[in-house]
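*Asks:* Sequence and computational prediction follow.
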Amino acid sequence: MESMLKILAKPGKIGKMELKNRLVIPAMCTNYTYQGHFTERAIHYYGLRARGGAGLMIIEASAIDYPSGRSVLNNAISDDQYIPTLKRLTDEVHRYDTKIALQIMHSGRQTNIAISGSQPISCSPSSSTLILYDPPRELTLYECKRIIKRFAEAALRAKKAGFDAVEIHCAHGYLLSSFLSPTQNTRKDEYGGIEGGIKFCCEIINEIKSICGQDYPVICRINGDDYDPFGGVTSIDSRMISVAFEKAGADCISVSAGLRESDHYLHDQTMASPRGSWVYMSEGIKKTVNIPVMVAKRISEDMVEKILAEGKADFVCIGRPFITDPLYGRKLFEGRSEEIVPCIWCAQGCFDVLWMLSPTTCLVNPASGRIDEVPIDEIEKAKKRKKVLVIGGGPAGCEAALISAKRGHEVTLYEKNRMIGGAYRLAVKSPNKREVERLFSYFERILPKEGVKIHLEEEMTHEKIEKEMPDVIIIATGAFPMIPEKIIKGKGLNIMSADEAMIRQKEIGNRVAIWTCSYHCSFTCKQNITPIEGDPTNMVSTYSYACRAGYAAVDVAEYLSSIGKLVSIVTERNTIVPGMGYTSRGYLLRRFYRSNIRVCSNVKVREINEDGLMLEKGGITFLLDADTVIVSVGSIPKKDLLKSLEDKFAEVYTVGDCAKIGNAMKAIESAYEVAIKI
C-alpha cells in the first residue's frame, strides 16, 4: 500500500545537515548505561530503531559534568573517555542512513546528593517541590562561565564521536531551563532574570559554534510553556527565547513543555492527555523565527501531514511508538500502518520506571531494549512446527497466540466472551484509558492475518481440547476476584467485583464505596475456590495482588465517577495502587481531586452491611454510607484446568494472571517468555 505521508517523507535540512525525511526520534531516557557509558544493550537498542526509517535520531540526555551534572542514570559526555563508546553508537546508527544528534545537559537542581555526590547547583537556591531532589546552592559567576565552556567541550566531544549535531537541553526544569525561568532565576548579576538566562544560553550556543565550527548544527530544546502555576516561561516568553537563540546561531528549535513538578508535565506523559497539545506552541514559535522548528507530544499518524502542511512545524518528533515498534517509521512510509505495533501511552515501561532507576521496557513490546531484541516480524522460526492451543483471549492470551504464530506454529485461540481483551479491555470504559482499545484493535487485525484461528463465545471443555489434539496448551484464563464472605453481614446486598461493576453499571447505586488493596486475612472466596498453591489469605496481602487490585479499582472509580456516581475508595494501605509509577500516580491523584473521588487510606474494613462499609481508623469505628460496595482486594489464578491437562499433555503452560497475579505489563511479558521458547 502506498503511503499518504508525502510531506513527512520529503527531505529536510537543519543548518547544513541534510535529512532524508522530516520524522525525528526525540531524546528519551533508557537507563541503559553503566558509569556514564552506554552499554551494548543501548547500542543495539538505538541501532535497531535507526532501521525504523526516521531522518534524525536524538540520543538521550548526556551529562556535561559527571557525576555532579548527572540526573538518574545519565550517560556522560564530560570526558574524552566516553568518546569510543559513543563512536560505536554513531557508527551503528549511520549504517541505516539516519542522522544522529546528542542531547547535552546539566541536571541543575533536579538531582540529589546520593546521585551526584555533591549538593545540586542551580541559577538560584530555589528548590524543586519534588522531595526526591535536594535543595540546590546558587552558582557563582565563575562557575557559570565554567559551565558555558563545559557545554562547548561536550559538543566538541560529540562531534569527535561522530554525532551530526547536538541538542542543548533547555527544558523540563534542568539547569538551563531554570536560568530561563523568571520565577526560578533570581540572580542579581548579568545572568539574572529571564533576560540574563537567555544571555547565558546564548553564550553557550556561541561557544559551541566557536569551537565546533559555524556549520556544526545546534538544536535547542525549550519549553513552549513551563506550565508553572507560580509563573515560569509562558508561550509568549518561548517565542522571545527562540528569536534570541536564532540570533545566537541556533539551527533549530525543538518544542517541549512542562516542569517535572507541574500538573501538565505529569498529564502529558499519560494516555489521558490530548494528542498534539504542544503544536500550538510550535506554531507560535515558527511564526517568529526563520530556522526550522520541531514539535513532539503524542502525535499520531493521521496528524503529521496536517501539522506540516499548515506550517505549524518543519519536523515532527515521534518517540514512544518507536519503543513499541522499532520499525514504526518504515511501516509508515511503506503504507503499512495497520501492521504497526501500537503504543498506548501507558507510561508504565518507558517513563514510570525511570523514577525507580530501572531500565525502560514496554507494556506492549516486552522485548523492547533487550540485547537480543528483533522486530516482531523477524522473530526466529521454531525448528519444529507445533499445534498450539491458547485458552483465553486477554492480553496474555493474545500475546501468546501472536508470538506463537510468528514462530511458525499453527495456533488456535478460544475466548468465552464475544470479543477478545479479557478484564483489561474493560478498562477502556474509564475516560482515561481509551487508548487501551488500540491494543485489542491491533490484535483483532493481526491475529487472523498471522493465521490464528479465533473462536469467540466458546467455553473451553476437555472434550474440545481432546478434539483439537494440540501439541502445546497455553492457559490464559485469568483470575477469580476474591470476595470476603466472612465480613458480609446480611443477604442480598449490592456487592460486586470491579470487573462486574464495569458490566453491571445499571445495578449500581448513586453512592459507591470501592474497597481495594487489602491486608485482610480472614475471609473465604465467594466462588468457594481453593488455589493450587498456598492459602488465599496469604495471597491477598502480596505486593503483586495489591497492584492488580488497585489498578482495577482505579479504572472502575474513574468510570463510575464519569457517569455521575459519588465514589469513595477505601484501602488499608497508604496508597491505592502499590507499584504505580510516580508519573501515573501523581496525575491520577490530581484527577481524583478534580473528580471528587474520595480516597480513604490506612483504614480497616470491619464489616459490609446494608448501609455500606464499617471502617476503623486509629481505634475509631465509623460508617461509610454506600448503596453499592465494589470489592477489589485480590484475585485467585484460575488453575482448574491446569492439573487435569498436565497429566495428559506434555507441554502445558500458564500465562498472565492465570500464572501469577499482576498488571497488564506483567501478563504480556509472561506470555512472551513462554511463546518465544515454544
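*Replies:* Received the coordinates, thanks.
*Asks:* gap between residue 48 and residue 345?
*Replies:* 21 Å (Cβ to Cβ, to the nearest Å). Using the backbone N, CA and C atoms, a C-beta is placed for each residue, glycine as well.
*Asks:* can you pull out the strands in the stretch 151-300 of the chain?
*Replies:* Remark: strands assigned in the stretch 151-300 of the chain by DSSP state E, counting those that start in this stretch are 165-170, 218-223, 252-256, 293-295.
*Asks:* so for stretch 91-98, what's the average pLDDT?
*Replies:* For stretch 91-98, mean pLDDT is 98.
*Asks:* distance between the ends of that stretch?
*Replies:* Using Cα to Cα, to the nearest Å, the end-to-end distance of stretch 91-98 comes to 10 Å.
*Asks:* Equivalent analysis for stretch 32-48, please.
*Replies:* First-to-last residue span, stretch 32-48, Cα to Cα: 14 Å.
*Asks:* ok so, going back, give the residue from residue 48 and residue 345 that has the larger number of neighbours.
*Replies:* residue 345 (23 against 20; other Cβ atoms under 10 Å).
*Asks:* Which residues are in contact with that one?
*Replies:* Residue 345 sits next to 269-271, 273, 298, 320, 435 when contact means Cβ atoms under 8 Å, 6 or more residues apart in numbering.
*Asks:* What distance do you get for the closest residue to residue 356 other than its chain neighbours to residue 275?
*Replies:* Leaving aside its chain neighbours, residue 356 sits nearest to residue 581 (7.1 Å; criterion: Cβ to Cβ, 6 or more residues apart in numbering). The gap separating residue 581 from residue 275 is 21 Å, by Cβ to Cβ.
*Asks:* So the two - more neighbours on which side?
*Replies:* Neighbours per residue, other Cβ under 10 Å: of residue 581 and residue 275, the larger number sits with residue 581, 20 against 13.
*Asks:* Off-centre distance for the helix or strand residue 671 falls within?
*Replies:* If you go by DSSP states H and E, residue 671 is part of helix 664-675. Averaged C-alpha coordinates place helix 664-675 at 17 Å from its chain's average position (Cα atoms, centre = their mean, to the nearest Å).
*Asks:* Can I take it that residue 653 is in a helix?
*Replies:* No: with DSSP: H, G, I helix; E, B strand; the rest coil as the criterion, residue 653 is strand rather than part of a helix.
*Asks:* Any regions of the stretch 451-600 of the chain where pLDDT drops low?
*Replies:* Counting by pLDDT under 70, the stretch 451-600 of the chain contains low-confidence residues at 518-547.
*Asks:* can you do 80?
*Replies:* Residues of the stretch 451-600 of the chain meeting the criterion pLDDT under 80: 491-492, 517-549, 575-587, 589.
*Asks:* What segments of it are helices?
*Replies:* 462-468, 498-503, 536-540, 543-562, 582-595 (DSSP state H, counting those that start in this stretch).
*Asks:* How about the stretch 51-200 of the chain?
*Replies:* Counting by DSSP H, counting those that start in this stretch, the helices of the stretch 51-200 of the chain are 83-94, 113-116, 141-160, 175-180, 193-212.
*Asks:* What lies in contact with the shortest one?
*Replies:* Spelled out, that is helix 113-116. Residues outside helix 113-116 that contact it (Cβ under 8 Å, 6+ apart): 67-72, 107, 119-120, 134.
*Asks:* Let me know the closest of the residues you listed to residue 32.
*Replies:* residue 72 (12.0 Å; Cβ to Cβ).
*Asks:* tell me the contacts of residue 251?
*Replies:* Neighbours of residue 251 in contact, by Cβ under 8 Å, 6+ apart: 14-15, 17, 165, 217-219, 291-292.
*Asks:* Just put these in CSV and tack on distance to residue 32.
*Replies:* Below are the contacts of residue 251 laid out as CSV (distance: Cβ to Cβ, whole Å):
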residue, distance to residue 32
14, 26
15, 29
17, 26
165, 22
217, 25
218, 26
219, 22
291, 32
292, 29
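*Asks:* Extract the C-alpha set from stretch 351-361 and format it as CSV.
*Replies:* This file holds the C-alpha atoms of stretch 351-361, laid out as CSV (Å, rounded to 0.1, in the frame of the first residue of the first chain):
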residue,chain,number,x,y,z
PHE,A,351,8.6,6.6,31.9
ASP,A,352,7.4,5.4,35.3
VAL,A,353,10.3,3.1,35.6
LEU,A,354,12.8,5.9,35.2
TRP,A,355,11.9,7.2,38.7
MET,A,356,12.8,3.8,40.1
LEU,A,357,16.2,3.7,38.4
SER,A,358,15.1,0.8,36.3
PRO,A,359,15.9,0.2,32.6
THR,A,360,13.0,1.1,30.3
THR,A,361,10.8,-1.6,28.7
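*Asks:* outside of it, which residues touch it?
*Replies:* 28-32, 41, 72-73, 132, 269, 323, 349-350, 368-369, 580-584, 665, 669.
*Asks:* what's the answer for stretch 372-382, then?
*Replies:* The contact list for stretch 372-382 (Cβ under 8 Å, 6+ apart) reads 44-45, 48, 51, 325-327, 339, 341, 365, 367, 402-403, 406-409, 676, 678.
*Asks:* ditto for stretch 130-138
*Replies:* 108-113, 119-127, 187, 260-261, 355.
*Asks:* redo that, cut-off 6 Å
*Replies:* If you take Cβ atoms under 6 Å, 6 or more residues apart in numbering as the criterion, stretch 130-138 is touched by 109-110, 112-113, 119-122, 124-125, 127, 261.
*Asks:* Tabulate the residues you listed (a markdown table), appending distance to residue 231, pLDDT and neighbour count.
*Replies:* Conversion of the contacts of stretch 130-138 to a markdown table gives the following (distance: Cβ to Cβ, whole Å; pLDDT from 0 to 100; neighbours: other Cβ atoms under 10 Å):
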| residue | distance to residue 231 | pLDDT | neighbour count |
| --- | --- | --- | --- |
| 109 | 16 | 94 | 27 |
| 110 | 18 | 91 | 26 |
| 112 | 25 | 90 | 19 |
| 113 | 28 | 91 | 11 |
| 119 | 25 | 93 | 14 |
| 120 | 21 | 94 | 25 |
| 121 | 21 | 95 | 25 |
| 122 | 16 | 96 | 27 |
| 124 | 13 | 97 | 20 |
| 125 | 17 | 95 | 14 |
| 127 | 16 | 84 | 15 |
| 261 | 13 | 79 | 17 |
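*Asks:* quick one: which of those sit in strands?
*Replies:* The strands, defined by DSSP state E, take in 121-122 from those.
*Asks:* still on that earlier bit, compare the contacts of residue 251 and tell me which is most surrounded.
*Replies:* That'd be residue 219 among those, by other Cβ under 10 Å, with 28 neighbours.
*Asks:* for stretch 269-279, how far is the first residue from the last?
*Replies:* Span of stretch 269-279 from end to end, Cα to Cα: 16 Å.
*Asks:* Repeat that for stretch 408-417.
*Replies:* End-to-end distance (Cα to Cα), stretch 408-417: 27 Å.
*Asks:* For it, buried residues please.
*Replies:* 408-415 (16 or more other Cβ atoms under 10 Å).
*Asks:* Repeat that for stretch 35-48.
*Replies:* Buried residues in stretch 35-48, counted by 16+ other Cβ under 10 Å: 36, 38-39, 41-48.
*Asks:* As TSV, those residues with distance to residue 228 and secondary structure would be great.
*Replies:* Formatted as TSV, the buried residues of stretch 35-48 follow (distance: Cβ to Cβ, whole Å; DSSP: H, G, I helix; E, B strand; the rest coil):
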residue	distance to residue 228	secondary structure
36	31	coil
38	33	strand
39	35	coil
41	36	helix
42	33	helix
43	37	helix
44	38	helix
45	33	helix
46	33	helix
47	38	helix
48	37	helix
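*Asks:* Residue 224: which of the residues you listed is nearest?
*Replies:* Among these, residue 46 lies closest to residue 224 (Cβ to Cβ), at 26.6 Å.
*Asks:* Now do the same contact list for the closest one.
*Replies:* residue 93.
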